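Q: this one's sequence-less:
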């Protein structure tokens, strides 16, 4: 649970305001070998009516970000461990979509050396969703996150409900 909270804060901590690539994984792609995993994995962002209207009217996009980790097995090399969570970092995905579209990830390129350092539970994934910040410097969306084992996602679609932050926390006087 504690690593999921940390990973959910990653977009906030690092800004995530730069242009995303489509389904790019791993920050060390050129350094470590990649383990290519063919998985049809889809994330369907279910927007409230107000959120859909706001994003369309302001020509705003949606970012779907996935973070892959695993529980370390005994003797795991410290270079693969996240100091705060104690989890092995395997890679990430990120895709920018428009309201009404579904993010589809057909192949995951996880760090194969890091994958060899996780226990038999296998890879875990955390998906987080936020606005693309084209029309506002701040995130406009309040979305649930999705977390679970990678095997549970194979061939399926993950549904993530979202609403405007303003719907969750309306300004006083309106």
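A: Received it, and whenever you're ready, just let me know what you need. Because the structure is a prediction, the values reported are computed rather than measured.
Q: quick check, residue 45 in contact with residue 61.
A: No: Residue 45 lies out of contact with residue 61 (C-beta atoms under 8 Å); the separation is 10.7 Å. Bear in mind the C-beta positions are built from the backbone N, C-alpha and C, glycine included.
Q: who has more neighbours out of those two?
A: residue 45 (25 against 18; other C-beta atoms under 10 Å).
Q: quick one: pLDDT of the more buried one?
A: At residue 45, the model reports a pLDDT of 97.
Q: before we move on, what SS does it have?
A: At residue 45, secondary structure determined by DSSP: H, G, I helix; E, B strand; the rest coil is strand.
Q: partners of it in the sheet?
A: residue 160 (DSSP bridges).
Q: and residue 69, by the same measure?
A: Counting by DSSP bridges, the residues bridging with residue 69 are residue 89, residue 124.
Q: contacts only, for it.
A: For residue 69, the contact set (C-beta atoms under 8 Å, 6 or more residues apart in numbering) comprises 3, 7, 82, 85, 87-90, 123-126.
Q: just give me the neighbour total for residue 62.
A: For residue 62, using other C-beta under 10 Å, the count is 26.
Q: dump the residue contacts of it.
A: Here residue 62 is in contact with 45, 55, 96-99, 101, 129-132, 141, 162 (criterion: C-beta under 8 Å, 6+ apart).
Q: and those, which of them are in strands?
A: 45, 96-97, 129-131, 141, 162 (DSSP state E).
Q: does residue 88 really touch residue 68, like I thought?
A: No: when contacts are counted by C-beta under 8 Å, residue 88 is not listed as touching residue 68 (9.3 Å).
Q: follow-up on the earlier one: which of the contacts of residue 62 lies closest to residue 116?
A: Using C-beta to C-beta, residue 129 is the member of the contacts of residue 62 that sits closest to residue 116, with 30.3 Å.
Q: distance-wise, check residue 104 relative to residue 118.
A: Distance, residue 104 to residue 118, by C-beta to C-beta, to the nearest Å: 25 Å.
Q: so what's in contact with residue 45 and residue 61 at the same time?
A: With contacts taken as C-beta under 8 Å, 6+ apart, residue 45 and residue 61 have residue 97 as neighbours in common.
Q: ok, the strand or helix carrying residue 107: who's next to it in the sheet?
A: For residue 107, the host element (DSSP states H and E) is strand 102-111. Strand 102-111 has its sheet partners listed here by DSSP bridges as strand 34-47 (antiparallel).
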